[in-house]
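fold the following and give me the result.
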Amino acid sequence: MDDIYSWYFSQLRAKGWTLQKTERVNGSYDLFTRGDREVFEVGSGVPPATYVTRLSIAPDPCATTPPTAAAFVNCG
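A predicted model of the protein is given here:
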């Protein structure tokens, strides 16, 4: 997984993404943000998957910098 995390880190950083959080204990993942609306997560998968990715985009009226879970939950 370290090679996968390293690859995503270098690729996303080159495209303007910022690493916001790294978790290696409970459900290993890296969380990246870009601007005030985009969130990208790379995490370990459940076999047979090696890893999973998630891309989320907050609706414009709910945007925060950096994007947060609250931006998605509290958007009405």
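
kindly list the longest helix within the chain.
helix 2-14 (DSSP state H).

just checking, what packs against it?
When contacts are defined as 3 or more CB pairs under 8 Å, 6 or more residues apart in numbering; DSSP states H and E, helix 2-14 packs onto strand 18-23, strand 29-34, strand 38-44. Where you see a C-beta, it was placed from the backbone N, CA and C, and this is true even at glycine.

now render those as CSV, adding mean pLDDT, mean neighbour count and distance to residue 7.
Rendered in CSV, the data for the helices and strands packed on helix 2-14 read as follows (pLDDT from 0 to 100; neighbours: other CB atoms under 10 Å; distance: least, CB to CB, whole Å):
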stretch, mean pLDDT, mean neighbour count, distance to residue 7
strand 18-23, 93, 13, 13
strand 29-34, 93, 20, 11
strand 38-44, 92, 18, 9
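
what would the ones you listed look like in CSV with distance to residue 56?
Formatted as CSV, the helices and strands packed on helix 2-14 follow (distance: least, CB to CB, whole Å):
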stretch, distance to residue 56
strand 18-23, 13
strand 29-34, 10
strand 38-44, 4
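
nearest to residue 54, of the ones you listed?
strand 38-44 (4.5 Å; CB to CB).

list of residues touching the closest one?
The contact list for strand 38-44 (CB atoms under 8 Å, 6 or more residues apart in numbering) reads 1, 4-5, 8, 12, 17, 27-34, 50-58, 67.

now, of these, which are buried?
5, 8, 12, 17, 28-34, 58, 67 (16 or more other CB atoms under 10 Å).

okay, those in CSV with distance to residue 73 next?
Formatted as CSV, those follow (distance: CB to CB, whole Å):
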residue, distance to residue 73
5, 27
8, 25
12, 24
17, 22
28, 24
29, 19
30, 22
31, 16
32, 20
33, 16
34, 20
58, 10
67, 12
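
and which of those is nearest residue 46?
residue 28 (11.8 Å).

where does the prediction get shaky in the chain?
69-72, 74, 76 (pLDDT under 70).

switch to 80 and redo it
Along the chain, the model assigns pLDDT under 80 to residues 26-27, 58-76.

alright, I will stop here.
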